[in-house]
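*Asks:* generate coordinates for the sequence data below:
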Amino acid sequence: MERYNVIRNKNPREILLLKSFPCAWGKCTFCDYINDNSKEEEEMVPFNSQILSRVTGELGVLEVINSGSCFELPKATLEEIRNVIREKQIQRLFFESHWMYRHKLKEMRDFMGIPITYKIGVETFDNEFRERYLNKHADFKTPEEVAEYFDSPCIMVGMKGQTREMIDYDVRMVKEHFQLGTINVFTNNTTQIKKDPELVEWFIHTYAWLNEDPAIEVLYENTDFGVGD
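*Replies:* Predicted coordinates for the structure are as follows:
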């Protein structure tokens, strides 16, 4: 599994995939990324150290992701990220967090000492689909609520049960309420949620213009950031 890459097109940055403790929610019906989590802190910390040692600081921007929220990274790893930020003169950090941690975002910003762009896995702004079908456990009702705390929502498209209208609405809400966003085309995995090939084909054709939008990153495969497997 690749855990380090340099993104040079939109929002240039170094990106790392680290190991963390299990996701505090861990019940989303579409997600099997929790298989990368661990409860063995004494193994995770040196493992993460090896990956962090690859950071050069060449772009001044670093994204750190894990199979869950940044708050589930070991404390020693968070301290090491802070050290890397100082040593490599990182000016901005990208982190991802679940909605449940929204009141802790400032605490992490203060700890790291630099601006943090927070991503959140919204998946969809259709509340019924997100909560009853995807079991996301994120009880916000509007995009405006999310924008009060987070900078960059991650939207998922191409699942069976999803509609074109839902995707149209999600893309419009991302563009209207956020400066940045990520759109993930769903990939079949070990869960019961399945890809809708016709919907994916429609999305790729209809929203081809997003490929030229500097504010939106579209991941046609879940490894398009160059990390994971």
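*Asks:* report the contact partners of residue 94.
*Replies:* Listed by Cβ atoms under 8 Å, 6 or more residues apart in numbering, the contact partners of residue 94 are 13, 15, 61, 62, 63, 64, 116, 117, 119, 152. C-beta coordinates here come from the backbone N, C-alpha and C atoms, glycine included.
*Asks:* chain center to the helix or strand containing it: distance?
*Replies:* If you go by DSSP states H and E, residue 94 is part of strand 92-96. Computed by Cα atoms, centre = their mean, to the nearest Å, the separation of strand 92-96 from the middle of its chain amounts to 10 Å.
*Asks:* narrow the contacts of residue 94 to those that are buried.
*Replies:* Burial by neighbour count, judged by 16 or more other Cβ atoms under 10 Å, picks out 13, 15, 61, 62, 63, 64, 116, 117, 119, 152 from the contacts of residue 94.
*Asks:* roughly how far apart are the first one and residue 72?
*Replies:* Residue 13 sits 21 Å away from residue 72, taking Cβ to Cβ, to the nearest Å as the criterion.
*Asks:* then the fifth one?
*Replies:* Here the distance between residue 63 and residue 72 works out to 16 Å (Cβ to Cβ).
*Asks:* and the helices in this protein?
*Replies:* When secondary structure is read from DSSP state H, the chain shows helices at 41-52, 75-87, 105-112, 127-128, 143-147, 164-177, 197-206.
*Asks:* want to throw those helices into JSON lines with mean neighbour count and mean pLDDT?
*Replies:* Shown next, in JSON lines, are the helices of the chain (neighbours: other Cβ atoms under 10 Å; pLDDT from 0 to 100):
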{"stretch": "helix 41-52", "mean neighbour count": "15", "mean pLDDT": "97"}
{"stretch": "helix 75-87", "mean neighbour count": "16", "mean pLDDT": "98"}
{"stretch": "helix 105-112", "mean neighbour count": "14", "mean pLDDT": "98"}
{"stretch": "helix 127-128", "mean neighbour count": "12", "mean pLDDT": "96"}
{"stretch": "helix 143-147", "mean neighbour count": "17", "mean pLDDT": "98"}
{"stretch": "helix 164-177", "mean neighbour count": "17", "mean pLDDT": "98"}
{"stretch": "helix 197-206", "mean neighbour count": "14", "mean pLDDT": "98"}
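*Asks:* right, I'll call it a day here.
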